[in-house]
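Asker: Everything below, folded, please.
(chains A and B)
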2 protein chains.
Amino acid sequence: MSDIGMIEAAAARAEGIVRRTPLLSSPFLDEIAGRPVYVKCEALQHTGSFKFRGGWSALSALTDDLRARGVLAFSSGNHAQGVARAAQLHGVPATIIMPADAPRLKIENTRAMGAEVVLYDRAGGEDRNEIGARLRDERGLTLIRPFDEPLVIAGQGTCGLEIAEQAAEAGVTEATVLVCCGGGGFTAGIALALEARAPGMRVHPVEPAGFDDTARSLASGGIVRNEGPEAGFCDAILTPAPGEITFPIMSRLCGPGIVVTEEEVRRAMRHAFDRLKVVAEPGGAVALAAALFHGDELGDELGDGPVIATISGGNVDRALFAEVLAEG
Amino acid sequence: MSDIGMIEAAAARAEGIVRRTPLLSSPFLDEIAGRPVYVKCEALQHTGSFKFRGGWSALSALTDDLRARGVLAFSSGNHAQGVARAAQLHGVPATIIMPADAPRLKIENTRAMGAEVVLYDRAGGEDRNEIGARLRDERGLTLIRPFDEPLVIAGQGTCGLEIAEQAAEAGVTEATVLVCCGGGGFTAGIALALEARAPGMRVHPVEPAGFDDTARSLASGGIVRNEGPEAGFCDAILTPAPGEITFPIMSRLCGPGIVVTEEEVRRAMRHAFDRLKVVAEPGGAVALAAALFHGDELGDELGDGPVIATISGGNVDRALFAEVLAEG
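Answerer: Presented below is the predicted three-dimensional model:
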């Protein structure tokens, strides 16, 4: 079970490897939100997203023998790159199963980091689990799950340790913390870290409209699945349901989920460009969108107190980013 | 005269205010350059450029009485914002004289930071010095020069202290350091800091083609002016000549200047987007362009040893950035 001890152990294994990303701010963002806004920029992490934390945590905890045989991951892109780079730095093989319609940049980067990429056609109904099981058995690979894996949650939690430290340096110990949420690994990890290190902070997961499985699960008290399409604008955080491990953690520690529109996400991407000079991918901008445009849902506890939003990743194709900039 | 003592004093005054920007890297950039590349990201500094360091340094060193009367600056944009924000944080008035054709974003931001912006028509031959002298005398303002001012050079030098520390943490004590160069305040400040804190590093100024006054001045041993147009793609670093104070420092401490083309700058902006998730403005990307595409000019001393490039700023209009992304 993930806990603060596992997160601290993950942080110790990550020392000198995982980047301590900056906590940025801008008076322009404060003005839009009507409260102090701090932004934890995981787009600036190795491989362009927080996923390197979890990948490194999982790989670095394997026995030398298991690790040498190689690792396997399923991912539309950011977990793929995080695991591929962690494997490359350890000098072990990675096999990554990706949907053929994942962003081109993410597929190319994963390959360029030395991983073998196996594409499958999700619209055509190919079963990625079958492909994965076959490869795992043939090659003796260890599966690194993207979120429902205690070592991965612990790795993502190292970001929470940094948030607690950096916010305290800025004089902030009470805040609403908004986390971009797919399967809940990042949200659960940060919530566990803050429970121990910054108990005055409350985490809310943030999701895009149409993919609000976590918000609905938290509201109903049990895991609820998305019934809509599998793909969408915020590709990095579109998971069908919160995890069996992540959901109980979020249920215990998080406030209600916040749901943002695609238009709000696009505006948040432009504000991150203008005010922070950071590239946010669509799924990485949902928490900033919530901070800027959903102030009324941040909970009464703190009034117009500070909000800390994650930018979880920046892996976006040039053409899409140019389109988002041009329309603003 | 600027020296390491002034830089350390500036760093002490900046404590808790000026942001310690990250030193980033990417295996993809290393591959292009054929050597380890580190990037000091001053685009992530307050106001989106290193200029806040110099502005803060100068403002914070004034007597309360002088500061309260207000400050004056001439700038096409980044120095304007750095001084305006430093004045805003001190609660004193700033008057900024800007060319009417400066990037829209820079003019708007300077106003939004509470400064009074006075526009002049540089093509039409209006004399900004006359306008400035009149305002200074009428209002008792203190002029904050953009680069030829020891307190400003000392402020920019605080970036050099960070480079020395962060490179050492990455195990790098010998490196070529490339600095985006306009009037030479940033270059001279960093060179002075590294002379004292990382004597195994050698600084080279980098300029865009057509505005290579510093490179030509260093080569000829005396200050040489640009005779071409005043405006251009790399707006942030287009100064007619190195300064009377900055040039002797650069002449004593720097290797030859490196000159990059506009096409190389555009490619560097795209690589910063893809690989670092950082927004670089044209003038802010010249040093990265030199690191990636001018390896043969980095000096023989280190062979294919590490290079550290500054991204000096990220204040670029959305439309221009979208255009640069779309053409790649």
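Asker: Please list all residues in contact with the residue lying closest to A:Thr261 once chain neighbours are set aside.
Answerer: Nearest-residue entry for A:Thr261: A:Ala209, 5.3 Å, with adjacent residues in sequence omitted and distances by C-beta to C-beta, 6 or more residues apart in numbering or on different chains. In short, each C-beta sits where N, CA and C put it, glycine included. With C-beta atoms under 8 Å, 6 or more residues apart in numbering or on different chains as the criterion, the residues that contact A:Ala209 are A:Val259, A:Val260, A:Thr261, A:Glu262.
Asker: The residue sitting furthest away from the middle of chain A sits in which helix or strand?
Answerer: Computed with C-alpha atoms, centre = their mean, the maximum C-alpha offset from the centroid of chain A is found at A:Glu138, amounting to 30.4 Å. When secondary structure is defined by DSSP states H and E, A:Glu138 falls within helix A:128-139.
Asker: pLDDT (mean, whole number) over that helix?
Answerer: Confidence for helix A:128-139, expressed as mean pLDDT, is 89.
Asker: and it, what other elements does it pack with?
Answerer: Contacts of helix A:128-139 with other secondary structure elements, assessed using 3 or more C-beta pairs under 8 Å, 6 or more residues apart in numbering or on different chains; DSSP states H and E, are made with strand A:71-74, strand A:94-99, strand A:116-120.
Asker: deepest of those strands, which one?
Answerer: By mean neighbour count, with neighbours taken as mean count of other C-beta atoms under 10 Å in any protein chain shown, strand A:71-74 ranks first of the helices and strands packed on helix A:128-139 at a mean of 25.
Asker: and it, which strands flank it?
Answerer: Based on DSSP bridges, the strands next to strand A:71-74 in the sheet, each with its direction, are strand A:94-99 (parallel), strand A:142-143 (parallel).
Asker: And the helix or strand just after the shortest one, what's buried?
Answerer: The one in question is strand A:142-143. Heading C-terminal from strand A:142-143, the first helix or strand you meet, by DSSP H and E, is helix A:150-169. Buried residues in helix A:150-169, counted by 16 or more other C-beta atoms under 10 Å in any protein chain shown: A:150-164, A:166-167.
Asker: ditto for stretch A:36-52
Answerer: Burial within stretch A:36-52, assessed by neighbour count using 16+ other C-beta under 10 Å, is assigned to A:36-52.
Asker: And for stretch A:217-231?
Answerer: Residues of stretch A:217-231 classed as buried: A:Ser217, A:Leu218, A:Ile223, A:Val224, A:Asn226 (neighbour count, 16+ other C-beta under 10 Å).
Asker: pretty sure the third one is in a helix, no?
Answerer: What that stands for is A:Ile223. No. Using DSSP: H, G, I helix; E, B strand; the rest coil, the assignment for A:Ile223 is coil, not a helix.
Asker: would CSV of the buried residues of stretch A:217-231 with distance to B:Ala12 and pLDDT be doable?
Answerer: Rendered in CSV, the data for the buried residues of stretch A:217-231 read as follows (distance: C-beta to C-beta, whole Å; pLDDT from 0 to 100):
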residue, distance to B:Ala12, pLDDT
A:Ser217, 51, 98
A:Leu218, 47, 98
A:Ile223, 54, 97
A:Val224, 55, 96
A:Asn226, 53, 92
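Asker: any idea which element A:Glu263 lies in?
Answerer: In this structure, A:Glu263 sits in helix A:262-271 according to DSSP H and E.
Asker: How far does that helix sit from its chain's centre?
Answerer: Here the centre of helix A:262-271 is set off from its chain's centre by 18 Å, with C-alpha atoms, centre = their mean, to the nearest Å.
Asker: Counting by contacts, list what that helix packs against.
Answerer: Looks like helix A:262-271 contacts helix A:27-33, helix A:286-293, helix A:318-326 (3+ C-beta pairs under 8 Å, 6+ apart).
Asker: now the longest one against helix B:318-326, angle please.
Answerer: Counting by axes from the mean of the first three to the mean of the last three C-alpha atoms, to 10 degrees, helix A:318-326 lies at 170 degrees to helix B:318-326.
Asker: Contacts made by helix A:318-326 with the rest, please.
Answerer: Where contact means C-beta under 8 Å, 6+ apart, the residues beyond helix A:318-326 that reach it are A:103, A:105, A:266, A:269-270, A:273, A:279, A:282, B:270, B:273-274, B:318-319, B:321-323, B:325-326, B:328.
Asker: Enumerate every residue touching A:Gly157.
Answerer: A:Gly157 is in contact with A:Ser2, A:Ile4, A:Met6, A:Ile7, A:Ala10, A:Ala188, A:Gly189, A:Ile190, A:Leu192, A:Ala193, counting by C-beta under 8 Å, 6+ apart.
Asker: swap in A:Asn109?
Answerer: Each residue near A:Asn109 by C-beta under 8 Å, 6+ apart is listed here: A:Thr47, A:Gly48, A:Gln81, A:Asn315, B:Phe28.
Asker: follow-up on the earlier one: from the buried residues of stretch A:36-52, which land in helices?
Answerer: Helix and strand membership here follows DSSP state H; of these, those in helices are A:Lys51, A:Phe52.
Asker: Quick check: the gap between the one residue in the stretch 1-150 of chain A that gets nearest to chain B and A:Leu24.
Answerer: Ranking the residues of the stretch 1-150 of chain A by distance to chain B (C-beta to the nearest C-beta) places A:Ala43 first, at 4.2 Å. Here the distance between A:Ala43 and A:Leu24 works out to 11 Å (C-beta to C-beta, to the nearest Å).
Asker: what touches both of these two?
Answerer: With contacts taken as C-beta under 8 Å, 6+ apart, A:Ala43 and A:Leu24 have A:Val278 as neighbours in common.
Asker: Identify the residue nearest A:Gly283 in space, chain neighbours excluded?
Answerer: Computed as C-beta to C-beta, 6+ apart, the closest residue to A:Gly283 that is not its neighbour in sequence is A:Ala236, at 3.3 Å.
Asker: Now do the contacts for the one you found.
Answerer: With contact taken as C-beta under 8 Å, 6+ apart, A:Ala236 is in contact with A:49, A:76-78, A:180, A:182, A:281-284, A:312-313, A:315.
Asker: Just the ones of the residues you listed in strands?
Answerer: If you go by DSSP state E, the contacts of A:Ala236 have A:Cys180 in strands.
Asker: just the contacts of A:Ala236: which has the poorest pLDDT?
Answerer: Ranking the contacts of A:Ala236 by pLDDT puts A:Ser76 at the bottom, with 79.
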